[in-house]
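J.: the sequence and its predicted three-dimensional model are supplied below.
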Amino acid sequence: MMVNLKVKKIDEAAILPEYAHEGDAGLDLFSIEEKIIKAGESALIRTGIQMELPRDTEAQVRPRSGLALKHSITVLNTPGTIDEGYRGEVKIILINHGKEDFKVEKSMKIAQMVIKPVLRVKVEEVEELSDTDRGQGGFGSSGLKK
């Protein structure tokens, strides 16, 4: 299914989000600034774009695998959610988990963005929930062998 994503450049250095290959799930997002992210620190990186998401969607911002593998750079709040009603500049929180400083350069691919449908729910308070095999087991409970 193809829908339109309206994007506005708010900086002349901005690059529109784009798919690197046909069939890719994520659109690449690009930096419009140079910034050093010191080892163990995070930084907010500008993209120079604003957008209008299609109705009943969200944009999920995710790390780029190459930056993660080669430089230990990832998106801090992954997946970051951009809500349908947000119209401000898209900015990416990157964190440097590496041992060396990392330089973000202008026009560098810094993250990827996946547009996803959002299911609306009506919250209903109940006294009881249905039973399942899993029950309240979590945090590694499925990895235990008896």
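T.: Great, that's in hand. Numbering: from 1, shown residues only.
J.: alpha carbons only for contacts and neighbour counts from here, please
T.: Will do.
J.: so which residues of this protein form strands?
T.: Assignment of strands within the chain using DSSP state E yields the ranges 6-9, 27-30, 35-37, 42-46, 49-52, 57-62, 73-75, 80-82, 91-96, 102-104, 109-117.
J.: in the third one, what counts as buried?
T.: For strand 35-37, the buried set under the neighbour-count rule, 16 or more other Cα atoms under 10 Å, comprises I37.
J.: adjacent strands (with direction) for that strand?
T.: Using DSSP bridges, the strands paired with strand 35-37 in its sheet are strand 102-104 (antiparallel).
J.: for the closest residue to N77 other than its chain neighbours, give me its contacts.
T.: The spatially closest residue to N77, leaving aside those adjacent along the chain, is I93, at 7.2 Å (Cα to Cα, 6 or more residues apart in numbering). For I93, the set of contacting residues under the criterion of Cα atoms under 8 Å, 6 or more residues apart in numbering consists of S42, A43, L44, I45, V75, L76, N77.
J.: top of these by neighbour count?
T.: Taking other Cα atoms under 10 Å to define a neighbour, the member of the contacts of I93 with the most is V75, carrying 23 neighbours.
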